[in-house]
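1. Have a look; sequence and predicted model below, questions after that.
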Amino acid sequence: MFSTCICASSLAPTTPTTTPAAMPGDDQAAKPVADPFLRFLLPAPKPRPAEPSPPARLVPPHGLVAPPLPLPHARPDERLFIVPPTRPSWLPPPPPPGTTVKPRPVAPPNEHRARNAGRFAGNGNGGRGRVPGAFLPPNRGRAGPERRKVATDHKSKEKKAWVAVEKKGEDAGDEDPAVGSEGYSGGDEGGNEVEEDQLELEGGEQETEQEGGDHRQRLDQQGELKNSLAVAPDGNGDVDRPIENLLMPQSNQAPRLRGRMRRRQVECRHDIDTFTPGFIELYESLKPSEEHKSKQQQLVDSLAKSVSKEWPNAQMHLYGSCANSFGTAHSDVDVCLEMEIGTGSAVEILLRLAEILRTEDKFESVEAITGARVPIVRMSDPGTGFSCDICINNLFAVANTKLLKDYAQIDQRLLQLAFLVKHWAKLRGVNETYRGTLSSYAYVIMCINFLQLREPNILPCLQAMEPTYALNVDGTECAYFDEVHQLHDFSAKNKESIAKLLWAFFHYWAFHHDYRNDVISVRLGKTISKQEKNWTTRVGNDRHLMCIEDPFETSHDLGRVVDKQTIRILREEFERAAAVLQYDEDPCATLFEPYIL
Ligand code: CTP
Ligand code: MG
């Protein structure tokens, strides 16, 4: 038995390793040789040894081993915020239920939030993705359902484009208008001292330098400029291009620069004047009614009573749009109290005023905003619904209010233009200083300067004329020629319609203004250089990316709040407006389409 066993074992090769190599045509060679009868004598086969594990990876001595992939955890400073644009309270109600409007996230107290968050994600138009949607150049226009579809497609793209914004300390501002606004309703937007803002203009403005030089040459060589001008019956180089392409190809600098350069050459559409009646009608509808004015007066009278009890010698001035004639039916009431402060401070007086107004129970939501560049008390009047800002001894504002009012009397096109621009700015969400866009006052100054520069001039430069009015404010002489009744035919030679002027205004700010080098100055009736003003770099929170000189406080740049993100927003909006006025079938409506998510 024992020997059999040994014998059997030796006769039964069990692994292929001992199997003779198979030869072609020899099936037998592959079969086991053991007799099936003896198989039960064979020892049970050993379990197969486990597959040898692959050799351990050796870290090369040079240490160039890829680090493990990071887990997708955002660092706290990269957390993403989705913030919809603000919608002015007086706008028509938001879209009906079913259309999704993202709620504004509530930020923890004291947390800085990105200004204009949501309008763009720090890469040009990327996040904003604002496209005009509902309009195309005439020869590409579509009608009816097709056109609606284009608009819807754009809208859905727009929605997707509302992406998260990185929280960035350097541009973090406070969204609370009471704290973050420029000047009249707040102070500075918080921000670290990062002197890189000018880089935005370096990038954005290369075309300015290049326009007359290399860039144009290159375009000419490519025949692009020639061709694009040739296709347009009226010399309009963009007429054969989809409007989408004209507006926002900003992820790629080169097309953007080319686009701007070409659009700069565009001549105004020949039918522009047909839109004048529509714009005039809109302007008329924006003017405050007599009833509105008398309600404002009631509020002022009631406030005057409250103030005079405590400060009988105080003088009350109205300033801002309720007094400079640029007020619309939606404007607030701005009041300045002129008084001796003695040993106290303006802030103490404002705190006391807020206390008085609260106890009197005549006004609502009374709050003292003392951290602003110009501290104020803000309140609202439940009777009229008006909001009212009160400041102390801000006589610059009183002086510039009179200046604006006097300019408005010279040519009615100033009022028309400014009303339409203010209305556009409010609806398009670019009239929010606490978010880094421009104040209404700044827009009016832009309009005045624009009309001063029109050929033939529509407005004179009152500060360059023999002064007939002067007010000394803290040692600064606010002086100018105020006998404007003598100037009623100053602009007689210029016959441009309001539609044409509106087109030209947006065209100027979209394609002609030299953001890198120029400051607009109503005081001098022209543009001056940033160098002259020493506004070439950021100083503190004054970024000087878009420079608008205040007519009397000449060290004050009304565009100081504009930062590298909001300058893009503004320029995109100017470009959109210019394109709407150039191509849209119904610019009176499309221009003012509210900017919503
Ligand atoms: N003001 C100023 N300097 C600023 C901002 C404002 O002197 N940087 C003064 C101006 O006298 C301006 C007034 O504050 O007219 C009110 O400013 P603002 O609210 O921007 O303009 P309004 O003309 O009142 O516009 P709205 O109709 O939007 O209220
Ligand atoms: Mg106002």
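-> Nice, I can see it. Ligands and ions are numbered 1, 2, ... in the order given.
2. So the residue nearest to Glu367 when sequence neighbours are not counted, which state does it fall into?
-> In space, Glu367 comes closest to Arg378 once its chain neighbours are excluded; the distance is 5.5 Å by C-beta to C-beta, 6 or more residues apart in numbering. Backbone N, C-alpha and C define where each C-beta goes, glycine included. In the three-state summary, Arg378 is assigned as strand, counting by DSSP: H, G, I helix; E, B strand; the rest coil.
3. Does Arg378 have any beta-bridge partners, and if so which?
-> Beta-bridge pairing of Arg378 under DSSP bridges involves Glu367, Asp389.
4. pLDDT value on it, please?
-> Residue-level confidence at Arg378 comes out at 96, pLDDT.
5. Please report how far it lies from Ala304.
-> Note on Arg378: its distance to Ala304, by C-beta to C-beta, to the nearest Å, is 17 Å.
6. How many residues are close by the nearest residue to Lys526 once chain neighbours are set aside?
-> The shortest distance from Lys526 to any residue other than its chain neighbours is 6.7 Å, reached at Leu453 (C-beta to C-beta, 6+ apart). The number of residues packed near Leu453 is 16, by other C-beta atoms under 10 Å.
7. any idea how far Leu453 lies from Leu414?
-> Distance from Leu453 to Leu414, by C-beta to C-beta: 13 Å.
8. same thing with Ser440?
-> On the measure of C-beta to C-beta, Ser440 and Leu414 end up 14 Å apart.
9. next one: Met446
-> Here Met446 is placed at a distance of 11 Å from Leu414 (C-beta to C-beta).
10. Arg358 too?
-> Here the distance between Arg358 and Leu414 works out to 40 Å (C-beta to C-beta).
11. Please save the CA atoms from the host helix or strand of Leu351 in PDB.
-> Per DSSP states H and E, Leu351 falls inside helix 346-360. The C-alpha coordinates for helix 346-360 follow below in PDB (Å, rounded to 0.1, in the frame of the first residue of the first chain):
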ATOM      1  CA  ALA A 346     -21.700 116.700  13.600                       C
ATOM      2  CA  VAL A 347     -22.100 113.100  14.600                       C
ATOM      3  CA  GLU A 348     -23.300 114.100  18.100                       C
ATOM      4  CA  ILE A 349     -25.900 116.400  16.500                       C
ATOM      5  CA  LEU A 350     -27.100 113.600  14.200                       C
ATOM      6  CA  LEU A 351     -27.400 111.200  17.100                       C
ATOM      7  CA  ARG A 352     -29.500 113.700  19.000                       C
ATOM      8  CA  LEU A 353     -31.600 114.400  15.900                       C
ATOM      9  CA  ALA A 354     -32.300 110.700  15.500                       C
ATOM     10  CA  GLU A 355     -33.400 110.500  19.100                       C
ATOM     11  CA  ILE A 356     -35.800 113.500  18.600                       C
ATOM     12  CA  LEU A 357     -37.200 112.100  15.400                       C
ATOM     13  CA  ARG A 358     -37.800 108.700  17.000                       C
ATOM     14  CA  THR A 359     -39.700 110.100  20.000                       C
ATOM     15  CA  GLU A 360     -41.900 112.300  17.800                       C
END
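12. which of the residues in that helix are buried?
-> Buried residues in helix 346-360, counting neighbours by 16 or more other C-beta atoms under 10 Å, are found at Ala346, Ile349, Leu350, Leu353, Ala354, Leu357, Arg358.
13. pLDDT averaged over that helix, what's the number?
-> In this model, helix 346-360 has a mean pLDDT of 94.
14. Against which helices or strands is that helix packed?
-> Counting contacts by 3 or more C-beta pairs under 8 Å, 6 or more residues apart in numbering; DSSP states H and E, helix 346-360 packs against helix 290-310, strand 364-369, strand 376-380, strand 387-392.
15. Just name the most buried of the ones you listed.
-> The highest average neighbour count among these, using mean count of other C-beta atoms under 10 Å, belongs to strand 376-380 at a mean of 24.
16. Show me which parts of stretch 552-568 are buried, residue by residue.
-> Neighbour counts using 16+ other C-beta under 10 Å place 552-553, 556-568 of stretch 552-568 among the buried residues.
17. so how many other residues sit close to the closest residue to Asn393 other than its chain neighbours?
-> Distances taken as C-beta to C-beta, 6+ apart put Glu338 closest to Asn393, at 5.8 Å, once the chain neighbours are dropped. For Glu338, the number of neighbouring residues by other C-beta under 10 Å comes to 14.
18. Surely Glu338 and Ala314 touch.
-> Yes - counting by C-beta atoms under 8 Å, Glu338 sits close enough to Ala314 to count as a contact (6.6 Å).
19. How about the residues of the stretch 201-350 of the chain by ligand 1?
-> Taking C-beta under 6 Å from any ligand atom as the measure of proximity, the stretch 201-350 of the chain contacts ligand 1 at Tyr319, Gly320, Ser321, Asn324, Phe326, Gly327, Thr328, Ser331, Asp332, Asp334.
20. out of those residues, who's near ligand 2?
-> Filtering these for proximity to ligand 2 by C-beta under 5 Å from the ion leaves Gly320, Ser321, Asp332, Asp334.
21. With distance to Gly436 added, can I get the buried residues of helix 346-360 in TSV?
-> Formatted as TSV, the entries for these read as follows, by distance: C-beta to C-beta, whole Å:
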residue	distance to Gly436
Ala346	26
Ile349	30
Leu350	26
Leu353	30
Ala354	28
Leu357	31
Arg358	32
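22. what's the closest of these to Ala479?
-> Using C-beta to C-beta, Ala346 is the member of those that lies nearest Ala479, at 24.9 Å.
23. wouldn't Thr476 be in contact with His556 here?
-> No - proximity of Thr476 to His556 does not meet the contact threshold set by C-beta under 8 Å, at 11.0 Å.
24. Identify the contacts common to those two.
-> With contacts defined as C-beta atoms under 8 Å, 6 or more residues apart in numbering, no residue is shared by Thr476 and His556.
25. quick one: Ile445 from ligand 1, how far?
-> Between Ile445 and ligand 1 the distance is 9 Å, computed by C-beta to the nearest ligand atom, to the nearest Å.
26. wait, is that residue part of a strand?
-> No - applying three-state DSSP, one finds Ile445 to be helix, outside a strand.
27. burial count for it?
-> The burial count for Ile445: 27, using other C-beta under 10 Å.
28. if I pick it, what's in contact with it?
-> For Ile445, the residues meeting the contact criterion (C-beta under 8 Å, 6+ apart) are Ile520, Val522, Ile548, Asp550, Pro551, Leu558.
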